[in-house]
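Engineer: sequence below, structure please.
(chains A and B)
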Amino acid sequence: MNNKNLSAEQRRKNTLSVILGIICVIYVIPVLMVVVNSFKLNTFVKTDTFALPSGEMWAGFANFVKGMTFGNYPFIKSVCYSVVITLLSTFLILLCTSMAAWYIARVNSAFCKILYFLCVFSMVIPFQMVMYTLSKTADRLHLNTPWTIPIVYLGFGAGLAIFMFVGFVKSIPLEIEEAAAIDGCGPLRTYFSVVMPMLKPTLISVGILEIMWVWNDFLLPYLVLDINEYRTIPIHIQYLKGSYGTVDLGATMALILLSIIPVIVFYLTCQKHIIAGVAAGAVKG
Amino acid sequence: MKTKKITNSNSIQRATRLWSPLFLGPVVIAFTIGFVWPFIWGIWLSLCQFQTVSDARFVGFGNYIRAFQDTTFTHAFWYTALFAVVSLVLINVLAFTVAYILTQSIKGSNLFRTVFFMPNLIGGIVLGYIWSMIFDGILSRFSTSILMESKYGFWGLIILMCWQQIGYMMIIYIAGLQNVPGEMLEAARIDGATRWETLFKITIPNVMPSITICMFLSLTNGFKLFDQNLALTGGQPFIIQPDGSTIKTTEMLALNIFNTFNGTGSTSQGTAQAKAVIFFVLVAGLGLAQLAYTRKKEVQQ
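Structural biologist: So this is what the prediction gives:
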């Protein structure tokens, strides 16, 4: 009797596995379609979207070659700017907001309380509220290049990062820092050699969230950067459609494939951290 | 001993304060440039008429009146609200179901989790183009396109958002489901509760905090949606009204504000900024309600 129940339970689980497996296959179809269509001649992308690129449809790597200079802007430049902006912004946000969060959590002053309140408040502000004035301010202060836009990202992204860091710092016992102070560490040394190593899990979580945000962000760089000079990957892809009446879909798909390969590699290598980081950010935000 | 400790941490605080320009300086400056000043200036400009920032002239609440009288704005509001509610229900029901199945220790659950979360990492613009290719691939067989009918655009965006967000919400639900006390489930089983009774009487009440978070997140995500909306349909199809104004039938609030800023009329920038303030009040209201709600829950626990 018991055995029979167990095998019924097992059968039920196996059925669920199969059903989910089928859904998974359906789930990856959109990405597979990008791969398939990036090797297809443009005229067939619209008429035979779901066919394999065989026979006369096969374009080889022509779409990739064409895509490189497509839209009157070299794709490789967009990739470089995206990498520079993402890495610089993430580094700047992690360094500055973790330092500020430690200070806010440890020093009891009215200014810190107001700053913390403003950070929490800024988390619920939609970008549209500040987009016009922010782009004008950034323009006025010449923050419109890939090397200076990280300052804008630090400003607009500080809220969530500080919120997450303050939450974590408050859970660290004060005694450790007191011991460091007694041993003769100044605040700077205490922070960098004692506190920062303990912040590692939160640094990874916040880092992942910021990388995902900045890499995929479209509107902020679109409004702040000088578009003729500097384009990130999302801006580049948006411009493929924006500037042409008829789009070369084959070349567009080739560029989309190139732009999601690094994202998928990044995801598969740091999957555990990404999922943990996203869960932490969601629960707190 | 106790007094000594307090003095000690006070002296540390005093030493730390000397370094405040280094610890706080960069964030305070960037935060002022990136948030505080644009926010205050934005509220001021919503009360002005301007085309460039240097010719701003105070006009009072005229922009707000114009925003509320703008039929494209009210259309975008109802369209966005409908979208947010439909996507909220679909995403949460599906994400919860998947999370519930994945926590039943079935074969391959790690692989499934990996696949379902993957679309979340792809940016909104890219997602929009991928799906517009797929929808047009299907619809072209019926010699139509996603840009031809607003109902295609609506359901297309719903499918896109489900594809992107289910994995995200699933992660939060899995975390919640793993915290349901095992003894409770065991006790229910011994008492002879059916699977459905256990689900509705034990599991769901225990994951209420996750459900609340996911509902608020999907609601605010729906309201704030921009990239996907721009890339998938860009507001098409357009309907020209008898009074000459054009309604972009699949245009959501964020895109409506963006398009109003790009308008050429002498009052459009001011109206756009007023719309942005209204949008902020709406979204911030939802966000603060969530914060207040989760705080209350945390206190109860």
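
Engineer: give me the neighbour count for the residue in the stretch 1-150 of chain A that chain B sits nearest to.
Structural biologist: For the stretch 1-150 of chain A, the residue closest to chain B is A:Thr49, as judged by CB to the nearest CB, at 2.6 Å. Bear in mind the C-beta positions are built from the backbone N, C-alpha and C, glycine included. If you count neighbours by other CB atoms under 10 Å in any protein chain shown, A:Thr49 ends up with 20.

Engineer: wait, a strand at it?
Structural biologist: No: counting by DSSP: H, G, I helix; E, B strand; the rest coil, one finds A:Thr49 to be coil, located in no strand.

Engineer: quick check: closest non-adjacent residue to it.
Structural biologist: Nearest residue to A:Thr49 in three dimensions, chain neighbours excluded: B:Gly137, at 2.6 Å (CB to CB, 6 or more residues apart in numbering or on different chains).

Engineer: so where is chain B shaky, pLDDT-wise?
Structural biologist: Scanning chain B with the threshold set as pLDDT under 70 gives B:1-9, B:291, B:294-295, B:297-301.

Engineer: helices of the stretch 101-250 of chain B, residue ranges please.
Structural biologist: Remark: helices assigned in the stretch 101-250 of chain B by DSSP state H, counting those that start in this stretch are B:109-117, B:124-139, B:150-178, B:182-190, B:195-198, B:204-206, B:208-224, B:227-232.

Engineer: kindly report the same for the stretch 151-285 of chain A.
Structural biologist: In the stretch 151-285 of chain A, helices defined by DSSP H, counting those that start in this stretch lie at A:174-182, A:187-189, A:196-198, A:200-216, A:219-224, A:233-242, A:249-269, A:271-284, listed in chain order.

Engineer: turn those helices into a markdown table, including mean neighbour count.
Structural biologist: Putting these into a markdown table (neighbours: other CB atoms under 10 Å in any protein chain shown) gives the following:
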| stretch | mean neighbour count |
| --- | --- |
| helix A:174-182 | 15 |
| helix A:187-189 | 17 |
| helix A:196-198 | 13 |
| helix A:200-216 | 21 |
| helix A:219-224 | 22 |
| helix A:233-242 | 22 |
| helix A:249-269 | 20 |
| helix A:271-284 | 18 |
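
Engineer: what's the separation between the residue in the stretch 1-150 of chain B that chain A sits nearest to and A:Asp226?
Structural biologist: Residue nearest to chain A within the stretch 1-150 of chain B (CB to the nearest CB): B:Gly34, separated by 1.8 Å. Using CB to CB, to the nearest Å, B:Gly34 is found at 18 Å from A:Asp226.

Engineer: repeat for B:Thr114
Structural biologist: Using CB to CB, B:Thr114 is found at 39 Å from A:Asp226.

Engineer: what about those two, which has more around it?
Structural biologist: Taking neighbours as other CB under 10 Å, B:Thr114 and A:Asp226 compare with B:Thr114 leading, 16 against 11.

Engineer: these two touch, right, that one and A:Gln271?
Structural biologist: Yes: the pair B:Thr114 / A:Gln271 is scored as a contact, 6.2 Å apart, by CB atoms under 8 Å.

Engineer: show me what contacts the residue of the stretch 1-150 of chain A closest to chain B?
Structural biologist: Residues counted as contacts of A:Thr49 (CB atoms under 8 Å, 6 or more residues apart in numbering or on different chains) are A:Met33, A:Asn37, B:Met133, B:Ile134, B:Asp136, B:Gly137, B:Ile138, B:Ser140.

Engineer: for the last one, what are its contacts?
Structural biologist: Contact analysis of B:Ser140 by CB under 8 Å, 6+ apart lists A:Lys46, A:Thr47, A:Thr49.

Engineer: relative to A:Ala59, how far out is the first one?
Structural biologist: In other words, A:Lys46. A:Lys46 sits 14 Å away from A:Ala59, going by CB to CB.

Engineer: of those two, who's got more company?
Structural biologist: A:Ala59 (22 against 16).

Engineer: surely the more buried one and A:Lys40 touch.
Structural biologist: Yes: the criterion here is CB under 8 Å, and A:Ala59 meets it with A:Lys40 at 5.8 Å.

Engineer: let me know the helix or strand that residue 15 is in.
Structural biologist: All of this refers to chain A. Under the criterion of DSSP states H and E, A:Thr15 resides in helix A:2-38.

Engineer: chain B is the one I meant
Structural biologist: Going by DSSP H and E, B:Ala15 is in helix B:2-18.

Engineer: what is the following helix or strand past that helix packed up against?
Structural biologist: Where DSSP H and E defines the elements, the next helix or strand beyond helix B:2-18 is helix B:20-31. Where contact means 3 or more CB pairs under 8 Å, 6 or more residues apart in numbering or on different chains; DSSP states H and E, helix B:20-31 is packed against helix A:75-106, helix A:110-123, helix A:149-169.

Engineer: what comes up buried for whichever strand or helix holds B:Ile40?
Structural biologist: Here B:Ile40, judged by DSSP H and E, is contained in helix B:37-45. By 16 or more other CB atoms under 10 Å in any protein chain shown, the buried positions in helix B:37-45 come out as B:Trp37, B:Pro38, B:Phe39, B:Trp41, B:Gly42, B:Ile43, B:Leu45.

Engineer: next, format the residues you listed as JSON lines and append distance to chain A.
Structural biologist: Rendered in JSON lines, the data for the buried residues of helix B:37-45 read as follows (distance: CB to the nearest CB, whole Å):
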{"residue": "B:Trp37", "distance to chain A": "6"}
{"residue": "B:Pro38", "distance to chain A": "4"}
{"residue": "B:Phe39", "distance to chain A": "6"}
{"residue": "B:Trp41", "distance to chain A": "4"}
{"residue": "B:Gly42", "distance to chain A": "5"}
{"residue": "B:Ile43", "distance to chain A": "9"}
{"residue": "B:Leu45", "distance to chain A": "7"}
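
Engineer: ok, residue 145 - contacts?
Structural biologist: You didn't say which chain, so I picked chain A. By CB under 8 Å, 6+ apart, A:Thr145 lies in contact with A:Leu225, A:Asp226, A:Glu229, A:Tyr230.

Engineer: I was thinking of chain B, sorry if that wasn't clear
Structural biologist: Applying CB under 8 Å, 6+ apart to B:Ser145 gives the contacts B:Asp136, B:Leu139, B:Tyr152.

Engineer: with A:His142 instead?
Structural biologist: A:Thr148.

Engineer: for it, give its distance to A:Asp217.
Structural biologist: According to CB to CB, A:His142 stands 20 Å off from A:Asp217.

Engineer: run the chain-centre distance for stretch B:111-130.
Structural biologist: Here stretch B:111-130 is found 16 Å from its chain centre; the criterion is CA atoms, centre = their mean, to the nearest Å.

Engineer: so for A:Phe266, what's the pLDDT?
Structural biologist: On the pLDDT scale, A:Phe266 is placed at 89.

Engineer: over to A:Lys284?
Structural biologist: pLDDT for A:Lys284: 50.

Engineer: same check, this time on A:Ala158
Structural biologist: For A:Ala158, the pLDDT comes out at 89.

Engineer: what's A:Trp102 in contact with, if anything?
Structural biologist: A:Phe165, A:Val169, A:Tyr191, A:Val195, B:Phe23.
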